[in-house]
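**Q** structure for this input, please:
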Amino acid sequence: MDNKTIADILVSQYKASLGMLRDALNKVPKEQWDNADYSNPNWQIAYHVVWATKLYLGANIESYIAFENTIKGAESLGGTQDWEKPEAGTEIEGCHTKEELLSFIDKIEYNLESVMEVVPLDDNSGFEWYPYSRLELHINNIRHIQHHTAQIIERLKTNGINGFSWWGDRYSPQEW
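**A** I've put the predicted structure just below:
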């Protein structure tokens, strides 16, 4: 299989994963968007995943350009690695709206094909904490989207919200 075919498959899977995230976000009721039931509210998990998706689609951390109106520190969910933690003294002020996050997803999707061409799939990841190939980084990035999408979906299901779509065949939704 050639790199163009693999890149096309990756773009398809990114779009399917982001489509599922979009569907989940659209189902989050207003009162559950920024609630204090969890240490990280739904909007912050969604922001974390779109922030990371954009970061890892880039060549390296130095090439990252933040979204417009980004909330400093919101990308961190308080992980255990140094690079996962916000700078000392950072307090998250406000929250991103659903419309902002959906717009961020649109921007990522719009640029997918072109960013896929920037770094060859057999190059290193470009991120020292991920010591593997760019191809494996893309797979890891897609798994990350799915992980947090499932987290949001599970929260919604716990609150009686169902009817989520599985995005499969060339990123078209199928009910499950």
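
**Q** quick one, helices of this protein?
**A** Using DSSP state H, the helices found in the chain span residues 3-27, 30-33, 42-57, 98-116, 134-158.

**Q** show me which residues of the fourth one are buried.
**A** Judged by neighbour count (16 or more other C-beta atoms under 10 Å), helix 98-116 contains these buried residues: 98, 100, 101, 102, 103, 104, 105, 108, 109, 112, 116. All C-beta atoms are positioned from the backbone trio N, CA, C, and that covers glycine.

**Q** for the residues you listed, give me TSV that also has distance to residue 74 and pLDDT.
**A** Conversion of the buried residues of helix 98-116 to TSV gives the following (distance: C-beta to C-beta, whole Å; pLDDT from 0 to 100):
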residue	distance to residue 74	pLDDT
98	14	97
100	11	97
101	11	97
102	16	98
103	15	97
104	12	97
105	15	97
108	16	97
109	21	96
112	23	95
116	26	91
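
**Q** and which of those is nearest to residue 140?
**A** residue 116 (15.1 Å; C-beta to C-beta).

**Q** returning to that earlier point: let me know which of the helices of the chain is tucked in deepest.
**A** Each of the helices of the chain was scored by mean neighbour count; the highest is helix 42-57, a mean of 23, by mean count of other C-beta atoms under 10 Å.

**Q** which neighbouring elements make contact with that helix?
**A** If contacts are counted by 3 or more C-beta pairs under 8 Å, 6 or more residues apart in numbering; DSSP states H and E, helix 42-57 sits against helix 3-27, helix 30-33, helix 98-116, helix 134-158.

**Q** what angle do the last one and helix 3-27 make?
**A** What it means is helix 134-158. Angle between the axes of helix 134-158 and helix 3-27 is 20 degrees (criterion: axes from the mean of the first three to the mean of the last three C-alpha atoms, to 10 degrees).
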